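>>> the following block contains a protein sequence and its predicted model.
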2 protein chains.
Amino acid sequence: MVEEAAEDQLAIFDLPGHLARRLHQIAVSIFMEGAREFGITPVQYSALSAIRHVPGIDQRRLSRMIAFDRSTIGDVVQRLVKKGLVAAERGTADRRTNRLFITDEGSAAIDAMQPAVDRTNKDLLKPLSDGEQAIFMFLLQKLVHRNNDMSRAPLFPSEGRQGTARAKGPAGDESP
Amino acid sequence: MVEEAAEDQLAIFDLPGHLARRLHQIAVSIFMEGAREFGITPVQYSALSAIRHVPGIDQRRLSRMIAFDRSTIGDVVQRLVKKGLVAAERGTADRRTNRLFITDEGSAAIDAMQPAVDRTNKDLLKPLSDGEQAIFMFLLQKLVHRNNDMSRAPLFPSEGRQGTARAKGPAGDESP
DNA sequence: TATGGAAAGGCAGTATACTGTCATCTTTTT
DNA sequence: AAAAAGATGACAGTATACTGCCTTTCCATA
């Protein structure tokens, strides 16, 4: 019919923006399904992991580290605290900061979730062959890293993956 | 120093789920910047395009067509109506449905936005070479289409890209 | 040392996205 | 025709994401 012919012409489906939205939608869906028993979201998992790796990190550094918006991170942290997975305390060296620590419960939760989380990430790529997966991941990383400064909460290299550039100086060492 | 070593080990950055979230985040950011003068979101643009292509479509079909959640679509439509870009009327043949039509204003808005939208989609892929872009888009489409049924609002083939005309352009599912 | 700029975090407001529930209407079955 | 089953949309509730504004605190510098 006329309707269907019109639908055929819709160009949206092949636009990278639309596909990026769909990929994210699908990734969240697979994660929520695979980690259902733990009642945790992808974002909460990322935050929890980061806090375990950098005990005492403040919210601002956390948001830059995993590219969360600085406004969003407050709510996420609040939920993790409420669940007893994270403990927060006011910084003493800099009283503006909210320093975050993972609890024993939180640490145990991450360990328990590990296999399920690994599985969800594998499942997402399953439609591709091994070779295709490698290529896709390489290009996806390149795209994200090169476009890093295009979002409000860019990932800062020095606070994120490599940490050697400017991480040595300030912050951090008022440890408990 | 202990801190920095710890940060280096954070595995999140290379997980497909995290990168999918970042890619979407970046895509939205580029779109909002590039289409700032039009005051429209990526999702609203998709809905508007779909409504123009299938005048009189109801909300349920629209949500399946562009893979929106059926709960979300109501709000999106409401905003488009409020902006005067879309008109809604109760269906007569099936009085449960909310039939959607694009207004002259809405149609003019799409036309005016076209160049800016094209530019944002180009910009997103700009970090990759032409060859890499083609490969990435091919794999991204494959991934999204094969994982289609993994989210709550899957895109229905019969209402989405191929309709009746599957024969002429099978979307290159297999061959590159 | 006084002061202005900048940083950290909170809060309000808006927009997507999903779950679950409900009322209404349609279609199928009996 | 009456009852059961299914579809459509509305609504409440939760979670990410972002913009803008505000207070508190820190820091550099005049």
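Sure thing, it's come through.
>>> return the distance of stretch A:102-113 from the chain's centre.
Offset of stretch A:102-113 from its chain centre (CA atoms, centre = their mean, to the nearest Å): 17 Å.
>>> residues of stretch A:74-87 that come out buried?
By neighbour count on 16 or more other CB atoms under 10 Å in any protein chain shown, the buried set for stretch A:74-87 is A:76-77, A:79-80, A:83, A:85-87. From N, CA and C alone the C-beta is placed, and that goes for glycine too.
>>> show the pLDDT at the residue nearest in space to the middle of chain A.
For chain A, the residue sitting closest to the mean C-alpha position, by CA atoms, centre = their mean, is residue A:46 at 4.3 Å. The score at residue A:46 is 96. That number is its pLDDT.
>>> for it, list the residues it contacts.
By CB atoms under 8 Å, 6 or more residues apart in numbering or on different chains, the contact list for residue A:46 reads A:66, A:68, B:12, B:18.
>>> now do residue A:40
Applying CB under 8 Å, 6+ apart, we find residue A:40 in contact with A:48, A:109, A:113.
>>> from what I see, the second one and residue A:38 are in contact.
Yes: taking contact to mean CB atoms under 8 Å, the distance of 6.6 Å between residue A:109 and residue A:38 places them in contact.
>>> compare these two (neighbour count), which wins?
Comparing residue A:109 with residue A:38 by neighbour count (other CB atoms under 10 Å in any protein chain shown), the higher total belongs to residue A:109, at 22 against 15.
>>> quick one: what helix or strand has that one in it?
Remark: residue A:109 resides in helix A:104-125, with elements defined by DSSP states H and E.
>>> now check that helix, is it near DNA strand C?
No: Helix A:104-125 lies apart from DNA strand C when judged by CB under 7 Å from any atom of the strand; the minimum separation is 13.7 Å.
>>> report the buried residues of the helix or strand following that helix.
Next helix or strand after helix A:104-125 toward the C-terminus (DSSP H and E): helix A:130-146. Residues of helix A:130-146 classed as buried: A:132-133, A:135-137, A:139-140, A:143-145 (neighbour count, 16+ other CB under 10 Å).
>>> any part of helix A:130-146 near DNA strand D?
No: using CB under 7 Å from any atom of the strand, helix A:130-146 never reaches DNA strand D; the gap is at least 12.4 Å.
>>> returning to what we had before: of the contacts of residue A:40, closest to DNA strand C?
Closest approach between these and DNA strand C, by CB to the nearest atom of the strand: residue A:48, at 16.6 Å.
>>> my guess is the closest one contacts residue A:81, does it?
No: checked against CB under 8 Å, the pair residue A:48 and residue A:81 is beyond contact range at 11.2 Å.
>>> ok, which residues in chain A are in contact with DNA strand D?
By the rule CB under 7 Å from any atom of the strand, the part of chain A lying against DNA strand D is A:41, A:43-44, A:68-72, A:75-76, A:79, A:94-96, A:151-153.
>>> and the buried residues of stretch A:74-87 as CSV, adding distance to residue A:59 and secondary structure?
What follows is the buried residues of stretch A:74-87, written out as CSV (distance: CB to CB, whole Å; DSSP: H, G, I helix; E, B strand; the rest coil):
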residue, distance to residue A:59, secondary structure
A:76, 9, helix
A:77, 6, helix
A:79, 13, helix
A:80, 11, helix
A:83, 17, coil
A:85, 15, coil
A:86, 11, strand
A:87, 13, strand
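>>> where does chain A have low pLDDT?
Residues of chain A meeting the criterion pLDDT under 70: A:1-9, A:151-176.
>>> how about the residues of chain A near DNA strand C?
Within chain A, the positions adjacent to DNA strand C are A:21, A:25, A:28-29, A:32, A:58-61, A:70-71, A:74, A:94, A:96-99 by CB under 7 Å from any atom of the strand.
>>> which residue sits closest to residue A:73, ignoring its sequence neighbours?
In space, and not counting its chain neighbours, residue A:73 is closest to residue A:63: 4.3 Å by CB to CB, 6 or more residues apart in numbering or on different chains.
>>> wait, I meant residue A:125
Distance criterion CB to CB, 6+ apart; nearest residue to residue A:125, sequence neighbours excluded, is residue A:133 at 4.7 Å.
>>> now swap in residue A:17 and tell me
In space, residue A:17 is closest to residue B:27, 4.5 Å off (CB to CB, 6+ apart).
>>> how many other residues sit next to the one you found?
With other CB under 10 Å as criterion, residue B:27 counts 29.
>>> give me the helices and strands touching the strand or helix carrying it, please.
In the assignment (DSSP H and E), residue B:27 maps to helix B:16-34. Counting contacts by 3 or more CB pairs under 8 Å, 6 or more residues apart in numbering or on different chains; DSSP states H and E, helix B:16-34 packs against helix A:16-34, helix A:42-53, helix A:104-125, helix A:130-146, helix B:42-53, helix B:104-125.
>>> can we see that at 7 Å?
Counting contacts by 3 or more CB pairs under 7 Å, 6 or more residues apart in numbering or on different chains; DSSP states H and E, helix B:16-34 packs against helix A:16-34, helix A:42-53, helix A:104-125, helix A:130-146, helix B:104-125.
>>> no further queries at this time; thank you.
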